[in-house]
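J.: Please work out how this folds:
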Amino acid sequence: MNIPLRHCRVCLGERLTPFLSLGKMPPINSFPAGEDDFVAEKFFDLTVAFCEDCSHAQLTEALDPKAVFSDYVYFSSMSDTFVAHGRELAMELKEKMKLSEKDLVAEIASNDGALLQSFKSLPTRILGIEPARNIATVARERGFPTVVEFFTEELGKRLREEYGPARIILGTNVLAHVLDLRDFVRGIRSFLADDGAAVIEVPYLVNLIDGLEFDTIYHEHLSYFRVEVLDRLFQSEGLLLFDAERIPLHGGSLKVFIGHPNGPHERTARVGELIAFERERDLGTIAPYQAFALRVAAVRERTLEFLRGLHDAGKHIAGYGAAAKGNVFLNYCQVGPDLIEFIADRSPHKQGRFTPRNHIPVVAPEEILRRMPDILVIFAWNFADEIIFQQSEYRQRGGKFAMLLPEPRVIL
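T.: Presented below is the predicted three-dimensional model:
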């Protein structure tokens, strides 16, 4: 079921102007098992709009969160890069917040505990909140206490009563998925200790535009954030965005720190500097977004020319990373198994299945060395360094890697 956008998710304004359409897309993390699933596939409009009142970029339609997230295929611990990021974040917050054993660290959308495991070893008290029952089961089996619900204001109040206020609330790559942002933020306000901090990480709109990362636009990502819009969002519900920084995770992200206005945190100069930077880029106007849409429109022809050229030269092409972004790219560019013979992925939950609509087989990484394609296209480009390191033997045997954004090219 699709849910049309009635008003801006941040400011509640109604002046919304579409600027980019990627056409009809399947639910991008659905992996059909065979012919019966192929004929049952559904497709939904994927369009991004600009709010003329607060300049927030957001999808015009959402899928029912319960249908998308109650049973999920993405497991965070499959990424060594993300696990390492969790270790770094835990050490940073231990020092910055002077965390002790009695402090509660809660993570919203905690997945299989990949991030919480670093906080568990500090030690602190930990709590996961994860709506996907299948993933929450894995987290519990690994020893991470997990509440299986979507995070809301009502849940935030209930968690505070049951567990006490959270000294740290983590939200890594969850805010963009949230249908009701204002309710979510009120939940943070209710659950957060008076001297606590919420640490929110989101993909950064500037990196999306500069890197032509249109493949990060899909039905699960309802919002595309920048600092000024985040500042307005949290301020609207009585919270203070007191620090912000750019980090390299997922092709370029923002990490922002949120607290109570009367708490101990003072706003840093970095917040104002990033807002000034965004204003210099005219991101409060629709023009940069329209220019981005024009660049996206040129991608399909360029990609097909590149892949067909390799294919016509007798090259066997495969992919690595049956990621959501890869599925967006393949669907938009209309690339199928005639050009990409298979896609390798570490997740056993995807192996033996097919990519949505295009129906490219998803296999275990061991198939790469067994079949030795000439070119391995990295679709999970945010983990490119990790993938190239993992596939060092493939490279030693003469295999080549390719990337398709922002320009199609063979890289090694």
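
J.: For the lowest-mean-pLDDT helix or strand in the chain, output the C-alpha coordinates as PDB.
T.: Lowest by mean pLDDT, DSSP states H and E among the helices and strands of the chain is helix 65-69, with a mean of 79. Presented in PDB, the C-alpha positions along helix 65-69 are these (Å, rounded to 0.1, in the frame of the first residue of the first chain):
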ATOM      1  CA  PRO A  65       6.300   0.900   7.100                       C
ATOM      2  CA  LYS A  66       4.900  -2.300   8.600                       C
ATOM      3  CA  ALA A  67       5.000  -4.000   5.200                       C
ATOM      4  CA  VAL A  68       8.600  -2.800   4.500                       C
ATOM      5  CA  PHE A  69      10.300  -3.100   7.900                       C
END
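
J.: Now do that helix: distance to the chain's middle.
T.: Distance, stretch centre to chain centre, for helix 65-69: 15 Å (Cα atoms, centre = their mean, to the nearest Å).

J.: Following it in sequence, what is the next regular element?
T.: helix 80-97 (DSSP states H and E).

J.: Let me know the average pLDDT across that following helix.
T.: Average pLDDT, helix 80-97: 88.

J.: switch to numbering from 28
T.: Happy to do that; since the first residue is 28 now, the last one works out to helix 107-124.

J.: what angle do the next helix or strand after that helix and helix 107-124 make?
T.: Using DSSP H and E, the helix or strand that follows helix 107-124 in sequence is strand 131-135. Going by axes from the mean of the first three to the mean of the last three Cα atoms, to 10 degrees, strand 131-135 is angled at 140 degrees with respect to helix 107-124.

J.: Could you list every helix and strand in contact with the following helix or strand past strand 131-135?
T.: Sequence order places helix 143-147 as the next helix or strand after strand 131-135, per DSSP H and E. Helix 143-147 is packed against helix 107-124, strand 131-135, strand 152-156, with contacts defined by 3 or more Cβ pairs under 8 Å, 6 or more residues apart in numbering; DSSP states H and E. The C-beta positions use only the backbone N, C-alpha and C, and glycine is treated the same way.

J.: Sheet partners, orientation included, of the second one?
T.: In its sheet, strand 131-135 lies beside strand 152-156 (parallel), strand 193-199 (parallel), with partners assigned from DSSP bridges.

J.: quick one: contacts for the closest residue to Leu49 other than its chain neighbours?
T.: If the residues on either side of it in the chain are set aside, Leu49 comes closest to Leu73, at 4.3 Å by Cβ to Cβ, 6 or more residues apart in numbering. Contacts here follow Cβ atoms under 8 Å, 6 or more residues apart in numbering; on that basis Leu73 touches Ser48, Leu49, Gly50, Lys51, Met52, Leu86, Glu88, Ile244, Tyr245, His246.

J.: For the longest strand along the chain, what is the distance to the chain centroid?
T.: When the chain is parsed with DSSP state E, its longest strand is strand 219-230. Relative to the centre of its chain, strand 219-230 is centred 18 Å away, using Cα atoms, centre = their mean.

J.: Average pLDDT for that strand, rounded please.
T.: For strand 219-230, the per-residue pLDDT averages 97.

J.: Tabulate the CA atom coordinates of it in PDB.
T.: In PDB, the C-alpha atoms belonging to strand 219-230 read as follows (Å, rounded to 0.1, in the frame of the first residue of the first chain):
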ATOM      1  CA  LEU A 219      16.300  11.500  26.500                       C
ATOM      2  CA  ALA A 220      17.800  12.300  29.900                       C
ATOM      3  CA  ASP A 221      18.100  15.900  30.900                       C
ATOM      4  CA  ASP A 222      21.900  15.800  30.400                       C
ATOM      5  CA  GLY A 223      21.800  13.300  27.600                       C
ATOM      6  CA  ALA A 224      22.500  13.500  23.900                       C
ATOM      7  CA  ALA A 225      20.800  11.900  20.800                       C
ATOM      8  CA  VAL A 226      23.400  11.100  18.100                       C
ATOM      9  CA  ILE A 227      21.700  11.000  14.700                       C
ATOM     10  CA  GLU A 228      23.500  10.000  11.500                       C
ATOM     11  CA  VAL A 229      21.900  10.600   8.100                       C
ATOM     12  CA  PRO A 230      23.100  10.600   4.500                       C
END
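
J.: Perfect, that will be all.
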